[in-house]
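> just to be clear, the model below is a prediction. Sequence and coordinates:
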Amino acid sequence: MKNKIKVAFIGAGYMAKEHIKAFADIPGVELSGIYSRTTERAKLLAEDFNILKVSGTIDELYEDTEADLVIVSVSVLSTAEACYNTFKYPWQCLIEKPAGYNVPEAELIAVAAKEYNRKAFVALNRRHYGSTRAAIQELDSVQGSRLVNVYDQEDIIAAKGANQPEEVLRNLMYANSIHVIDYLNIFCRGEVLAVDPIIKWDSKNPRFVAAKITFSSGDIGIYQVVWNGPGPWSVVVTTQEKRCELKPLEQGFVQYNGSRIQNPLDLDDWDKNFKPGLRIQAEEAIKSIRGENHSLPTLVDALKTMKLVEKIYG
């Protein structure tokens, strides 16, 4: 077993900084290097977190560090190019979501990882929220089918105001809705058998979308989203015995059959001290390097959710 795990970072924006914070907290991890097109921001992060090397390219980053793990957290439209360059080297990859701005690009990234025979995972950090894990544990022993309601909100007007590129605006359901649509694959068991539209997507007049998703296990998912209007993200999982609600997603409650009381789910301090999900996600990434069992979703898992987004939006 390796005593020291070398971790490198590609990107120097907000999410890169949050990933760095999480990995810096793990004993036995060396923050070996960072690369960003914005060199000055990379230098500032290196100074703040004692990252050993600031490199000029991805090639140099591997040569300078020979890192075991690299975290790719760049803009959505830069992710594919960064991944292709990263896959040339035998480090393990953790890629910030979405791994591709639409399904065809996500498929190309997955194919590239397979061709290079690289281990690549996707940072679907809501899978690692304390609330999500506590709800999974509560529901694990419950037999019978589940009804999973996922409530989404997207704001293309705000995205335009934030100067998001046109390609991102056209694919905002992948860039942002993946965060909550992934809950359907988290809580619904089995494979998707059918996606039936209730309110169809209208790209010329984004307003409401709703769909029913049927899974091979008998679980039913109901997805609802409001575009350009109010509606906090939330998830409700209902069974005959228990009802779990995540609202906001970082908090969780369970209600038992025969009771009207919503009991808070046990959470952990990591979600208070770090961006929720990232500290345990980092821990899982280190486990994967050490060859231990871990819960990181693969590129294939992420592509499964991307394809579900595609089916919901037609």
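Done, it's in.

> show me where the stretch 101-250 of the chain has its helices.
103-115, 130-139, 156-161, 166-170, 172-175, 178-187 (DSSP state H, counting those that start in this stretch).

> output those in TSV, with mean neighbour count appended to each entry.
C-beta coordinates here come from the backbone N, C-alpha and C atoms, glycine included. Formatted as TSV, the helices of the stretch 101-250 of the chain follow (neighbours: other CB atoms under 10 Å):
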stretch	mean neighbour count
helix 103-115	17
helix 130-139	21
helix 156-161	13
helix 166-170	13
helix 172-175	23
helix 178-187	23
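
> Gly28 is nearest to which of the ones you listed?
Proximity to Gly28 (CB to CB) singles out helix 130-139 among the helices of the stretch 101-250 of the chain, at 23.1 Å.

> which residues touch the closest one?
Applying CB atoms under 8 Å, 6 or more residues apart in numbering, the set of residues contacting helix 130-139 from outside is 126, 146, 183, 186-187, 237, 239, 242, 244, 246, 249-252, 254, 265-268, 270-271, 276-277, 280.

> of those, buried ones?
With neighbours counted by 16 or more other CB atoms under 10 Å, those contain buried members at 126, 146, 183, 186-187, 237, 239, 242, 244, 246, 249-252, 254, 265, 267, 270-271, 276-277, 280.

> for Leu265, which residues are in contact?
For Leu265, the contact set (CB under 8 Å, 6+ apart) comprises 130-131, 134-135, 138, 244, 251-254.

> quick one, phi/psi of the most centrally placed residue in the chain?
Centrality entry for the chain: nearest residue to the mean C-alpha point is Leu124, 1.7 Å, by CA atoms, centre = their mean. The phi/psi pair for Leu124 (degrees, to the nearest 10) reads phi -80, psi 80.

> cool, Phe23 as well?
When quoted as degrees, to the nearest 10, the phi and psi of Phe23 stand at phi -70, psi -30.

> in contact with it, which residues?
By CB under 8 Å, 6+ apart, the contact set of Phe23 is 7, 29, 31, 71, 282, 285.

> now these in TSV, with secondary structure and pLDDT?
Below are those laid out as TSV (DSSP: H, G, I helix; E, B strand; the rest coil; pLDDT from 0 to 100):
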residue	secondary structure	pLDDT
Val7	strand	98
Val29	strand	97
Leu31	strand	98
Ile71	strand	98
Ala282	helix	98
Ala285	helix	98
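
> how about a markdown table for those, with neighbour count and distance to Tyr151 added?
Shown next, in a markdown table, are those (neighbours: other CB atoms under 10 Å; distance: CB to CB, whole Å):
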| residue | neighbour count | distance to Tyr151 |
| --- | --- | --- |
| Val7 | 29 | 35 |
| Val29 | 21 | 37 |
| Leu31 | 21 | 38 |
| Ile71 | 25 | 30 |
| Ala282 | 28 | 29 |
| Ala285 | 27 | 30 |
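
> farthest-separated two in these?
The span of the contacts of Phe23, defined through CB to CB, is set by Leu31 and Ala285 at 13.4 Å.

> downstream of the helix or strand where Leu45 lies, the next helix or strand is which one?
Taking DSSP states H and E as the criterion, Leu45 maps to helix 39-49. Past helix 39-49, heading to the C-terminal end, the next element that is a helix or strand (DSSP H and E) is strand 54-55.

> that next one pairs with which strands?
In the sheet, strand 54-55 lines up against strand 29-35 (parallel) (DSSP bridges).

> contact partners of the strand it pairs with?
Around strand 29-35, the neighbours that count as contacts under CB under 8 Å, 6+ apart are 4-10, 12, 16, 20, 23-24, 42, 45-46, 49-58, 60-61, 64-65, 67, 286.
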